[in-house]
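Undergrad: from the sequence below, what's the structure:
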Amino acid sequence: MPPVVHSFDPPDRFVAGTVGEPGARTFFVQARSGERLVSVALEKQQVAILAEQTGELLDKLVQAGDTRTLVPALAPADLVDNGPLDNPIEEEFRAGTITLSWDPDAERVVIEVFAITAVEADPGELDPTGEAAEPEPEEMLVVRLTPGQARAFCARSETVVDAGREQCPFCGGPMDPGGHLCPRANGFKRTAP
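TA: Numbering: from 1, shown residues only. Next up, the predicted model:
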(Lines give C-alpha, C1' and ligand atoms only; values in the text may rest on other atoms or scores of the structure.)
Protein backbone atom coordinates (compact mmCIF):
# COMPACT_ATOMS: atom_id res chain seq x y z
CA MET A 1 0.00 0.00 0.00
CA PRO A 2 1.51 3.38 -0.98
CA PRO A 3 2.18 5.86 1.83
CA VAL A 4 -0.16 8.75 2.63
CA VAL A 5 1.69 11.87 1.45
CA HIS A 6 0.81 15.30 2.86
CA SER A 7 2.34 17.64 0.27
CA PHE A 8 2.68 21.44 0.49
CA ASP A 9 4.32 23.29 -2.44
CA PRO A 10 4.80 25.92 -1.02
CA PRO A 11 2.73 26.10 2.17
CA ASP A 12 1.01 29.27 3.32
CA ARG A 13 2.68 28.61 6.68
CA PHE A 14 5.36 26.17 7.90
CA VAL A 15 6.49 26.55 11.50
CA ALA A 16 7.87 24.71 14.50
CA GLY A 17 6.11 25.13 17.83
CA THR A 18 5.39 23.50 21.15
CA VAL A 19 2.52 22.53 23.39
CA GLY A 20 3.04 22.30 27.15
CA GLU A 21 5.24 23.77 29.84
CA PRO A 22 9.06 23.84 29.65
CA GLY A 23 10.36 20.45 30.66
CA ALA A 24 7.21 18.73 29.42
CA ARG A 25 6.81 20.27 25.96
CA THR A 26 5.76 18.39 22.84
CA PHE A 27 7.37 19.73 19.68
CA PHE A 28 5.54 19.97 16.36
CA VAL A 29 6.14 21.11 12.82
CA GLN A 30 2.97 22.38 11.26
CA ALA A 31 2.18 23.04 7.60
CA ARG A 32 -0.90 24.90 6.41
CA SER A 33 -2.31 25.77 2.99
CA GLY A 34 -5.72 27.39 3.14
CA GLU A 35 -7.89 25.26 5.42
CA ARG A 36 -5.64 22.18 5.14
CA LEU A 37 -3.49 21.74 8.26
CA VAL A 38 -1.00 19.00 9.14
CA SER A 39 0.80 18.75 12.50
CA VAL A 40 3.65 16.28 12.99
CA ALA A 41 5.16 15.58 16.43
CA LEU A 42 8.92 15.32 16.77
CA GLU A 43 11.72 15.54 19.29
CA LYS A 44 13.37 18.79 20.35
CA GLN A 45 16.68 17.57 18.90
CA GLN A 46 15.02 16.89 15.54
CA VAL A 47 13.75 20.48 15.39
CA ALA A 48 17.17 21.84 16.37
CA ILE A 49 19.06 19.73 13.82
CA LEU A 50 16.55 20.44 11.03
CA ALA A 51 16.86 24.19 11.62
CA GLU A 52 20.66 24.00 11.79
CA GLN A 53 20.99 21.89 8.64
CA THR A 54 18.50 24.04 6.72
CA GLY A 55 20.45 27.15 7.70
CA GLU A 56 23.70 25.54 6.55
CA LEU A 57 22.12 24.54 3.23
CA LEU A 58 20.93 28.12 2.66
CA ASP A 59 24.37 29.49 3.61
CA LYS A 60 26.01 27.21 1.04
CA LEU A 61 23.57 28.45 -1.61
CA VAL A 62 24.39 32.08 -0.73
CA GLN A 63 28.12 31.33 -1.04
CA ALA A 64 27.71 29.50 -4.34
CA GLY A 65 25.69 32.39 -5.77
CA ASP A 66 24.36 30.34 -8.69
CA THR A 67 20.61 30.50 -7.97
CA ARG A 68 18.12 32.58 -9.96
CA THR A 69 16.12 33.21 -6.78
CA LEU A 70 17.44 35.46 -4.04
CA VAL A 71 18.56 33.39 -1.05
CA PRO A 72 18.36 35.71 1.98
CA ALA A 73 21.10 35.69 4.61
CA LEU A 74 18.51 36.50 7.30
CA ALA A 75 14.80 35.78 7.67
CA PRO A 76 12.86 38.37 5.62
CA ALA A 77 10.86 40.63 7.96
CA ASP A 78 7.60 39.98 6.09
CA LEU A 79 8.00 36.21 6.60
CA VAL A 80 8.83 36.28 10.34
CA ASP A 81 6.09 34.30 12.12
CA ASN A 82 5.96 34.35 15.92
CA GLY A 83 2.30 33.39 16.23
CA PRO A 84 1.08 30.30 18.07
CA LEU A 85 0.49 27.00 16.31
CA ASP A 86 -2.79 26.81 14.42
CA ASN A 87 -5.67 24.98 16.10
CA PRO A 88 -6.69 22.25 16.22
CA ILE A 89 -3.31 20.68 16.97
CA GLU A 90 -3.92 17.05 16.07
CA GLU A 91 -0.87 14.86 15.64
CA GLU A 92 -0.95 13.20 12.20
CA PHE A 93 2.05 11.06 13.08
CA ARG A 94 5.34 11.07 15.02
CA ALA A 95 8.43 11.89 12.97
CA GLY A 96 11.10 9.30 12.38
CA THR A 97 13.49 10.02 9.51
CA ILE A 98 13.74 13.56 8.12
CA THR A 99 15.42 14.41 4.82
CA LEU A 100 16.50 17.80 3.52
CA SER A 101 17.43 18.69 -0.05
CA TRP A 102 17.55 21.48 -2.61
CA ASP A 103 15.52 21.27 -5.82
CA PRO A 104 17.62 23.29 -8.29
CA ASP A 105 14.94 23.32 -11.00
CA ALA A 106 12.17 24.80 -8.83
CA GLU A 107 14.70 26.48 -6.48
CA ARG A 108 12.96 25.14 -3.39
CA VAL A 109 14.17 23.67 -0.11
CA VAL A 110 12.53 20.25 0.20
CA ILE A 111 11.85 18.79 3.66
CA GLU A 112 10.49 15.26 3.90
CA VAL A 113 9.33 13.98 7.29
CA PHE A 114 8.61 10.25 7.47
CA ALA A 115 6.46 8.59 10.11
CA ILE A 116 8.15 6.22 12.53
CA THR A 117 7.64 2.71 11.25
CA ALA A 118 7.65 -0.43 13.32
CA VAL A 119 10.51 -2.65 12.20
CA GLU A 120 9.86 -6.34 12.44
CA ALA A 121 12.89 -8.55 12.03
CA ASP A 122 12.31 -10.86 9.07
CA PRO A 123 15.56 -12.46 7.99
CA GLY A 124 13.94 -13.47 4.69
CA GLU A 125 13.50 -9.87 3.53
CA LEU A 126 16.84 -8.54 2.29
CA ASP A 127 17.52 -5.81 -0.21
CA PRO A 128 19.90 -6.39 -3.17
CA THR A 129 22.96 -5.50 -1.04
CA GLY A 130 22.12 -8.21 1.50
CA GLU A 131 21.00 -5.72 4.16
CA ALA A 132 17.66 -5.92 5.95
CA ALA A 133 14.97 -4.30 3.81
CA GLU A 134 13.70 -0.92 5.05
CA PRO A 135 9.97 -0.91 5.69
CA GLU A 136 7.94 1.47 3.53
CA PRO A 137 6.68 4.45 5.59
CA GLU A 138 2.93 4.57 6.05
CA GLU A 139 2.75 8.37 6.07
CA MET A 140 4.95 11.35 5.23
CA LEU A 141 4.97 15.13 5.07
CA VAL A 142 6.63 16.82 2.08
CA VAL A 143 7.14 20.58 2.26
CA ARG A 144 8.72 22.61 -0.54
CA LEU A 145 9.81 26.04 0.75
CA THR A 146 11.06 29.16 -0.95
CA PRO A 147 14.49 30.21 0.39
CA GLY A 148 12.85 33.05 2.35
CA GLN A 149 10.32 30.69 3.95
CA ALA A 150 13.13 28.28 4.83
CA ARG A 151 15.18 31.05 6.47
CA ALA A 152 12.12 32.17 8.48
CA PHE A 153 11.52 28.55 9.56
CA CYS A 154 15.11 28.36 10.84
CA ALA A 155 14.85 31.57 12.84
CA ARG A 156 11.59 30.57 14.50
CA SER A 157 12.78 27.02 15.21
CA GLU A 158 15.90 28.28 16.98
CA THR A 159 13.74 30.56 19.14
CA VAL A 160 11.34 27.72 19.98
CA VAL A 161 14.16 25.35 20.95
CA ASP A 162 15.89 28.00 23.09
CA ALA A 163 12.66 28.91 24.93
CA GLY A 164 12.86 25.88 27.23
CA ARG A 165 14.13 25.51 30.76
CA GLU A 166 17.03 27.55 32.10
CA GLN A 167 20.44 25.91 31.86
CA CYS A 168 22.52 25.18 34.93
CA PRO A 169 25.53 27.52 34.90
CA PHE A 170 27.75 24.69 36.17
CA CYS A 171 26.86 21.61 34.11
CA GLY A 172 24.75 23.09 31.30
CA GLY A 173 21.87 20.70 32.00
CA PRO A 174 18.26 21.88 32.13
CA MET A 175 16.97 23.13 35.47
CA ASP A 176 13.41 22.54 36.62
CA PRO A 177 11.72 25.35 38.60
CA GLY A 178 12.65 23.48 41.80
CA GLY A 179 16.27 22.98 40.67
CA HIS A 180 18.11 19.81 39.68
CA LEU A 181 20.72 17.38 40.93
CA CYS A 182 23.90 18.78 39.42
CA PRO A 183 26.63 16.25 38.59
CA ARG A 184 29.25 19.01 38.95
CA ALA A 185 28.10 19.60 42.56
CA ASN A 186 28.52 15.96 43.59
CA GLY A 187 24.77 15.36 43.71
CA PHE A 188 23.79 18.51 45.58
CA LYS A 189 20.65 20.18 44.35
CA ARG A 190 21.09 23.49 42.57
CA THR A 191 18.21 25.91 42.19
CA ALA A 192 17.48 28.53 39.59
CA PRO A 193 18.71 32.01 40.56
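Undergrad: host element of the residue most central in space within the chain?
TA: Central residue of the chain (Cα atoms, centre = their mean): residue 47, 3.3 Å from the mean position. Assigned by DSSP states H and E, residue 47 belongs to helix 44-64.
Undergrad: gap between the nearest residue to residue 61 once chain neighbours are set aside and residue 101?
TA: The shortest distance from residue 61 to any non-neighbouring residue, by Cβ to Cβ, 6 or more residues apart in numbering, is to residue 71 (4.6 Å). No exception for glycine: its C-beta is placed from N, CA and C like everyone else's. Note on residue 71: its distance to residue 101, by Cβ to Cβ, to the nearest Å, is 15 Å.
Undergrad: more neighbours, these two?
TA: Comparing residue 71 with residue 101 by other Cβ atoms under 10 Å, the one with more neighbours is residue 71, at 22 against 12.
Undergrad: need the contact list for the more buried one.
TA: Counting by Cβ atoms under 8 Å, 6 or more residues apart in numbering, residue 71 makes contact with 58, 61, 62, 147, 151.
Undergrad: and the helix or strand hosting the last one, what does it pack against?
TA: The reference is to residue 151. In the assignment (DSSP H and E), residue 151 maps to helix 147-162. Using 3 or more Cβ pairs under 8 Å, 6 or more residues apart in numbering; DSSP states H and E, the elements in contact with helix 147-162 are strand 13-19, helix 44-64, strand 108-115.
Undergrad: which one of the ones you listed lies nearest to residue 78?
TA: For the helices and strands packed on helix 147-162, the distance to residue 78 is smallest for strand 13-19, at 13.1 Å, taking Cβ to Cβ.
Undergrad: now whichever helix or strand comes after that closest one: buried residues?
TA: Note on strand 13-19: by DSSP H and E, the next helix or strand toward the C-terminus is strand 26-33. Using 16 or more other Cβ atoms under 10 Å as the test for burial, strand 26-33 gives 27, 28, 29, 30, 31, 32, 33.
Undergrad: list the beta-bridge partners for the fifth one.
TA: What that stands for is residue 31. On the basis of DSSP bridges, residue 31 is bridged to residue 14, residue 38.
Undergrad: domain ranges for the protein?
TA: If you go by automatic domain parsing, the domain ranges for the chain are 4-162, 166-193.
Undergrad: now tabulate these in a markdown table and tack on mean pLDDT.
TA: Listed next are these as a markdown table, based on pLDDT from 0 to 100:
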| stretch | mean pLDDT |
| --- | --- |
| domain 4-162 | 91 |
| domain 166-193 | 71 |
